[in-house]
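> My questions are about this predicted structure, shown below with the sequence.
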Amino acid sequence: MEPLAIADKIKEKFPDEVLGIKEFRGQVAVTMKKGRMLEISRYLHDEPELYFDYLIDVCGVDYLGKKDNRFEVVYHLYSIKHRHAIRIKAEVPENDSSIDSVMPVWVGANWHERECYDMYGVVFKGHPDFRRILMPEDWEGHPLRKDYPVKGPAKEWPGFLDVLDRAKRFREFEWHE
């Protein structure tokens, strides 16, 4: 099925949720409200004509000062059976930067959602193992936000000296030719 036809099916099924459809060079992105993303994901996965069985990626975008809703969560979906793809974007406002986890539909969303939280601060409600994945647990802030300080947080991360100490201790195990 062609990407625009897929977008039309989504708009037909969820007319109040679709905010926009954009096509560029054969790729289609459907921008949605965030409220029913889990239900929409189930439809995209379970509908036999669509059967998006492969979640390629989940990532975040920060539009600080450029859009009313600061964040977007972007889902790249592919159907192995039908060989078609679609991009779904859910708008997430800064004052309620949370969205339902799609892990009940695609278990592969696990690490992607954790990374999106870690880098942007978007919370995925219902995620079964919601903890940081790239940054240390005690890290303050979310480094890919546009307002994150370029030089990092104002105060040094408390675990930094511990990391330096470990590096010194483990030098004896380095390989030298």
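That came through, no problem. Everything numeric in this text was worked out from a predicted model, so none of it was measured.
> doesn't I88 make contact with V30?
Yes: between V30 and I88 there is a contact at 5.4 Å, judged by CB atoms under 8 Å. C-beta here means a position set from N, CA and C on the backbone, and glycine is covered the same way.
> Now the common contact residues for these two.
I10 (CB atoms under 8 Å, 6 or more residues apart in numbering).
> So what touches the helix or strand of the chain with the lowest mean pLDDT?
When the helices and strands of the chain are scored by mean pLDDT, DSSP states H and E, helix 160-169 comes last with a mean of 79. Applying CB under 8 Å, 6+ apart, helix 160-169 turns out to have no external contacts.
> Report the buried residues of it.
Going by neighbour count (16 or more other CB atoms under 10 Å), nothing in helix 160-169 comes out as buried.
> The nearest residue to P93 once chain neighbours are set aside and L44, how far apart?
Leaving aside its sequence neighbours, P93 sits nearest to N69 (CB to CB, 6 or more residues apart in numbering; 4.7 Å). Using CB to CB, to the nearest Å, N69 is found at 21 Å from L44.
> Tell me which of the two has more neighbours.
More neighbours surround L44 than the other of N69 and L44, with 26 against 18 (other CB atoms under 10 Å).
> For stretch 130-150, give the mean pLDDT please.
Stretch 130-150 comes out with an average pLDDT of 88.
> Not counting it itself, show me its contacts.
60, 62, 64-65, 111, 113-115, 117-121, 123-124, 152-153, 157-159.
> Can you say which of those are buried?
G60, D62, E113, R114, E115, Y117, D118, M119, Y120, G121, V123, F124.
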